[in-house]
Each structure stands twice: as structure tokens, then as C-alpha cells.
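Engineer: what would the 3D arrangement of this be:
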Amino acid sequence: EVQLVESGGGLVQAGGSLRLSCAASGSTFDTLVIGWFRQAPGKEREAVSCIGSTYDGTAVYANSVKGRFTISRDNAKNTVYLQMDSLEVDDTAVYYCAAEEGGSSCNYNYLTVWGQGTPVTVSS
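Structural biologist: All right, here's what the predicted structure looks like:
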């Protein structure tokens with residue numbers, strides 16, 4: 001089964017940038033569909049972005065991050081990145097990546113394997 005490890009979280013000022021990484025192992029990376037979710041204290045988990053398998057490659061974004069966040073995959077490193085620019089205080093949350101094995105295009109409901117999360121704090 002696939003294992004996911006997130007990294008790259010931290011503290012940043014509003015307007016700044018961070019790049020999150022989701023490293024995958026234990027599965028054929030090309031066939032993984034990987035998405036990012038976040039959960040802020042006291043709030044429900046929110047889907048942020050998702051990228052299809054290598055054979056699909058489409059990316060989707062939540063309206064709240066569209067134009068500011070970019071998802072990409074590096075098949076040579078078995079890693080999916082979430083580049084977060086123009087960060088806002090409301091982006092503060094724990095960010096999780098999740099995966100579907102053997103998928104094609106994104107469907108958040110099928111992302112059932114989770115990483116441990118990485119915290120992001122955006123200060124004003």
C-alpha cells in the first residue's frame with residue numbers, strides 16, 4: 001500500500017510563499033491520484049487541490065486558492081508539490097495529502113490513503 005509523507009510546512013507572513021511536498025512510496029507513482037486537504041482549528045476539512053495520474057495530469061483547485069496555489073508532480077522523485085503563493089491568514093491549517101491508487105482523474109472521495117499532515121501558519 002502507498003505511504004505518504006508531507007513536508008514543507010512552517011510559519012510565514014501574509015503575502016509570502018511556501019512549497020509543500022508529498023512524497024509517495026510503496027506504489028506505482030504514475031497511477032496515483034494525489035490531492036491536498038487542509039483543516040484549520042475548529043473548522044471542517046477542506047479539499048484544496050488535486051492532480052490526476054501521470055496519464056491524466058489534470059489539476060483542480062478550490063475557489064479559495066485558485067490563482068494562488070499550484071499543484072504539480074515530479075515522477076522522477078515520486079513527489080507531488082503544492083506551491084502556495086500570496087498566502088493569507090485564512091490559509092492557516094494543517095495540510096494533508098491523500099492518494100488514490102490506480103486512479104486517473106481527480107475525485108476527492110476516492111483519496112483514501114492519508115499522510116500525517118504538515119502545519120502551515122500564516123501571520124498577519
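
Engineer: excluding chain neighbours, what is closest to Leu87?
Structural biologist: Leaving out its chain neighbours, the residue that sits closest to Leu87 by CB to CB, 6 or more residues apart in numbering is Val122, at 4.7 Å. For every residue, glycine as well, the C-beta is placed using N, CA and C.

Engineer: ugh, wrong one, I meant Phe37
Structural biologist: Once flanking residues are discounted, Phe37 sits nearest to Tyr96: 4.9 Å by CB to CB, 6+ apart.

Engineer: the one you found reaches Gly35, doesn't it?
Structural biologist: No. Counting by CB atoms under 8 Å, Tyr96 does not reach Gly35; the two are 9.0 Å apart.

Engineer: and these two? which has more neighbours close in?
Structural biologist: Of the pair Tyr96 and Gly35, Gly35 is the one with more neighbours under other CB atoms under 10 Å, namely 26 against 22.

Engineer: am I right that that one sits in a strand?
Structural biologist: Yes. Per DSSP: H, G, I helix; E, B strand; the rest coil, Gly35 lies within a strand segment.
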